[in-house]
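everything below, folded, please.
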Amino acid sequence: MKKSSRFKPLLPVIFSLPYVVSAADDLALPGYSGFLNVPSATVLNHVQADVQYSDQAWVAGEYGHYRNVAGVVGIFPLVEVGGRIAWEETQSNLFANGSGPRDLSANFKVQAPLIPESWFTLAAGAQDFGGSANNFESYYVVAGRQFGPVEMAVGYGRPEEALRYLDGAFAAISYRPTRWLNLIAEYDAADVRLGAGLTSPKGWLPGGLQVKGKVMAYDRGDSDNGRQFFSLGLSIPLGRDTARSTTGAASAVATEAASAPVTGQESKQLVDEGAATTTIGEILVAAGYERVSVGSAGNQLTVRFENNLFNRDERQALEDVAQRLHAAGLPTGSEAATSLRLVLLNQNIPVMTRQLWLDGEQPRLTSASEQEPPQQWDFQGSAGPVWRPRLTLSPNLTTGVATEYGVLDTSLALGSEVSTSLWTGALASATWNQAVYASEDFDRGGVFYNSRQRTGLKEADLQQTLRLHPQFFTTFHAGRYNTDYYGWLSDSLLVSSDRRHALGFLSGNFRHVDDSAREARQMLGRYTYSHPGRDVQLTLHAGEFFEGDTGFRVDGRFWFGDYAMLLTYKNTDAEFVGLGVMIPLTPVKDRQFRYLQVRGNPDWSYTVQTRINEDANVVSFGGATIVRPANTLERVYLNRLRPGL
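Coordinates of the predicted model:
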């Protein structure tokens, strides 16, 4: 009784301590958010990505010290997805003389909505689902509750292999006395485990990065006792969890434009409304915009321009122009001066119209209907010739990940694409691929040799795009594609006015350059839905793909600013799931010379895929392949189908 009365006053103090961090902010050793082995009842925070190395894996009925790399992303509110690579020998042929596991697996966890966190949280998840070699497959449901720095979780799991962790009821508790220390105790349905986690405080590392580590210091139960395991990882904030707020551009862009110098002579000219059109045009040409036209129709001033500066997101060009014109000090005594109509061009085709308001402390952009352009332009100019060649440099990468031949096999090349504008809607381009490096399995005689990156002409394309209706675009292509094929492509797209919906059809016929009897074609319908509030895009392609397989594929893009996480599901002759990333390899604002622009690829992507629901997990680099030119309809003209401002 004495002992009980001694500790009872401490309980209100412990549970009234302020909330610090939940277990969901960390990864468990198997590669999902949680404690040591036990998953938490919440998911990784939205816009958070964690990468982790650990040395624990359950193989052949027992724990062992194996190498593991896991990556998990809070890809959507209440949803986390991830992948895990586990291996023993890095580079050996498991069919011949290798030993140990070498496995690539996919994981996901979903947290139940609509339940107040003051009640409890509930989540369900799957590890290593759908494949044939299900070394770590398990399914679980878990409920939890947070009391200040203390978090508890109880759940039930069912693995593919019995008598291991998550095989039945499990429970865990963690206590964070400080922001950097986490004490953990759990029963994972097979063993009692004790451990600790360490986290570097926020602000110690640049960019919001945090280093995390865990140690499993004690275990006892049904499996081998007395083993210790550890993990070491990095937490990466991906960006804001909401779409662009008003105008859609980064604050850095707005700051640069707002601070753009406006000379006294320019200000004086702008005060004179008669000279405003000329001065506006000169400001935009000096800023680097092309095909600039300024004119008035009635009481409405119209400004048309083409952007080749902000290639990550063209909404940033609208923001930049708005800030520059606002900083120029237009007179506010008339409607024509306080409200301008901005028309964004691509290849001299109008693609977006917005109303710019200059009568406040900050410029405002609102939606606007398209109107007939002025019959005569008061100013026309361009920052350099419109045919200026544009050189885009991009690494091209093919990999084999966690195959029977090695943990990572790589074939790397440098792609160089040159494009030039010919006339309205017409574009010519050519891409040269230069092989740089190939690992042994991609080299001559290697098992992946036929899938290597090759040196040579990868693509030569001539295209003509027509805007047949304000919401309907169609483009025709002819040339050389996919390295080995001559042919033609046709791509048509009907886009809703708010760009939330896009319905299209993609077709093409191809013939091999060395064997005219080898023909290929693709006939695909497609639909894209974009959610502007969450900056998410889902695209469905269905029909006959380039390699002759029929079925469908779903591609999800989850935007975080100018970056995106990619999720892919393919179902044709085989089923695949893929997780990837899209990274802009070019600055927010590209530079250019008068007769040349050199830039990086704003849409460089890399995806790792694994085959699911098969008796044999055969390595494949294809499946549901779509041949697209380097300059696609949605990239050149429609800002990747991202909703407008």
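
quick one: classify the most centrally placed residue in the chain as helix, strand or coil.
Here the mean C-alpha position of the chain is nearest to the C-alpha of residue 564 (Cα atoms, centre = their mean), at a distance of 1.6 Å. Following DSSP: H, G, I helix; E, B strand; the rest coil, residue 564 is assigned to strand.

pretty sure it contacts residue 579?
No - Residue 564 is not in contact with residue 579 according to Cβ atoms under 8 Å; the separation is 12.0 Å. Heads up, the C-betas are built off the backbone N, CA and C, glycines and all.

who's residue 575 bridged to?
Legend: beta-bridge partners of residue 575 under DSSP bridges are residue 571, residue 612.

okay, and the closest residue to residue 104 other than its chain neighbours sits in which element?
Nearest residue to residue 104, sequence neighbours excluded (Cβ to Cβ, 6 or more residues apart in numbering): residue 402, at 3.7 Å. Following DSSP states H and E, one finds residue 402 within strand 390-403.

could you identify the helix or strand that succeeds the helix or strand bottoming out on mean pLDDT in the chain?
Sorted by mean pLDDT, DSSP states H and E, the helices and strands of the chain end with helix 264-271, the least confident at a mean of 38. Sequence order places helix 276-287 as the next helix or strand after helix 264-271, per DSSP H and E.

and the following helix or strand past that following helix, how far out from the chain's middle?
Sequence-wise, the next helix or strand downstream of helix 276-287 (DSSP H and E) is strand 290-297. Relative to its chain's centre, strand 290-297 lies at 36 Å (Cα atoms, centre = their mean, to the nearest Å).

relative orientation of strand 290-297 and helix 276-287 in degrees?
Angle, strand 290-297 to helix 276-287, by axes from the mean of the first three to the mean of the last three Cα atoms, to 10 degrees: 170 degrees.

could you dump strand 290-297 to CSV, C-alpha only?
The C-alpha coordinates for strand 290-297 follow below in CSV (Å, rounded to 0.1, in the frame of the first residue of the first chain):
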residue,chain,number,x,y,z
GLU,A,290,8.8,35.5,-75.6
ARG,A,291,6.0,36.3,-78.1
VAL,A,292,4.9,39.3,-76.0
SER,A,293,1.9,41.3,-77.3
VAL,A,294,0.1,44.1,-75.6
GLY,A,295,-3.1,45.8,-76.9
SER,A,296,-6.4,47.1,-75.8
ALA,A,297,-9.9,46.3,-76.8
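
might you report the residue contacts of residue 586?
Going by Cβ atoms under 8 Å, 6 or more residues apart in numbering, residue 586 touches 311, 312, 599, 600, 601, 602.

from residue 58, how far out is the spatially closest residue to the second one that is not a sequence neighbour?
Nearest-residue entry for residue 312: residue 562, 4.3 Å, with adjacent residues in sequence omitted and distances by Cβ to Cβ, 6+ apart. Distance from residue 562 to residue 58, counting by Cβ to Cβ, to the nearest Å: 40 Å.

with residue 405 instead?
24 Å.

and for residue 570?
Applying Cβ to Cβ to residue 570 and residue 58 gives a distance of 29 Å.

which of the two has more residues huddled nearby?
Legend: neighbour count by other Cβ atoms under 10 Å for residue 570 and residue 58, higher for residue 570 (26 against 23).

can you pull the contacts of the more buried one?
By Cβ under 8 Å, 6+ apart, the residues touching residue 570 are 551, 552, 553, 576, 577, 578, 609, 623, 624.

looking at those residues, which is nearest residue 47?
residue 578 (20.6 Å; Cβ to Cβ).

wasn't the closest one part of a strand?
Yes - according to three-state DSSP, residue 578 belongs to a strand.

isn't it right up against residue 568?
Yes - between residue 578 and residue 568 a contact is recorded at 3.7 Å, counting by Cβ under 8 Å.

list residues touching both of the two?
Counting by Cβ under 8 Å, 6+ apart, the residues touching both residue 578 and residue 568 are 607, 609.

where does pLDDT dip in the stretch 151-300 of the chain?
223-224, 239-274 (pLDDT under 70).

thinking again about what came up before, for the closest residue in space to the residue nearest to the centre of the chain that isn't next to it in sequence, list the residues it contacts.
Counting by Cβ to Cβ, 6+ apart, residue 582 is the residue found nearest to residue 564 once chain neighbours are left out, at 4.1 Å. Applying Cβ under 8 Å, 6+ apart to residue 582 gives the contacts 557, 563, 564, 565, 566, 603, 604, 605.

list only those of the residues you listed flagged as buried.
557, 564, 565, 566, 603, 604 (16 or more other Cβ atoms under 10 Å).

where's the first one, which helix or strand?
Which is residue 557. Residue 557 belongs to strand 550-560, assigned by DSSP H and E.

other residues contacting that strand?
With contact meaning Cβ under 8 Å, 6+ apart, strand 550-560 is reached by 47, 75-76, 238-240, 243, 534-545, 564-573, 582, 624, 626, 642.

related to what we said a few turns ago, can you pull the contacts of the residue nearest to the centre of the chain?
When contacts are counted by Cβ under 8 Å, 6+ apart, residue 564 touches 557, 558, 581, 582.

next one: the residue nearest to residue 564, what pLDDT does it get?
Residue 582 is assigned 96 on the pLDDT scale.

that's a helix at it, yeah?
No - counting by three-state DSSP, residue 582 falls outside a helix, being strand.

distance check, it against residue 558.
On the measure of Cβ to Cβ, residue 582 and residue 558 end up 10 Å apart.

hey, where'd the helices end up in the protein?
Secondary structure of the chain (DSSP state H): helices located at 2-7, 10-15, 251-258, 264-271, 276-287, 315-327, 335-338, 633-636.

for the last one, what is the average pLDDT?
Averaged across helix 633-636, the pLDDT comes to 95.

pull the residues that contact it.
346, 347, 427, 465, 473, 475, 491, 493, 502, 603, 640, 641.

just flag the most distant two among those residues.
Applying Cβ to Cβ across the contacts of helix 633-636, the maximum distance is between 427 and 502, 20.5 Å.

and the contacts of strand 550-560, which of them are buried?
Buried by 16+ other Cβ under 10 Å: 47, 75-76, 238, 243, 535-537, 539, 541-542, 544-545, 564-572, 582, 624, 642, out of these.

what about the closest residue to residue 54 other than its chain neighbours, how many neighbours?
Leaving aside its sequence neighbours, residue 54 sits nearest to residue 231 (Cβ to Cβ, 6+ apart; 3.8 Å). By other Cβ under 10 Å, the residues close to residue 231 number 25.

which residues does residue 231 form a beta bridge with?
Bridge pairing for residue 231 (DSSP bridges) gives the partners residue 54, residue 214.

and the gap between it and residue 53?
Distance from residue 231 to residue 53, by Cβ to Cβ: 7 Å.

quick one: low-confidence ranges for the protein?
1-24, 98, 130-134, 223-224, 239-274, 330-337, 615-620, 622, 644-645.
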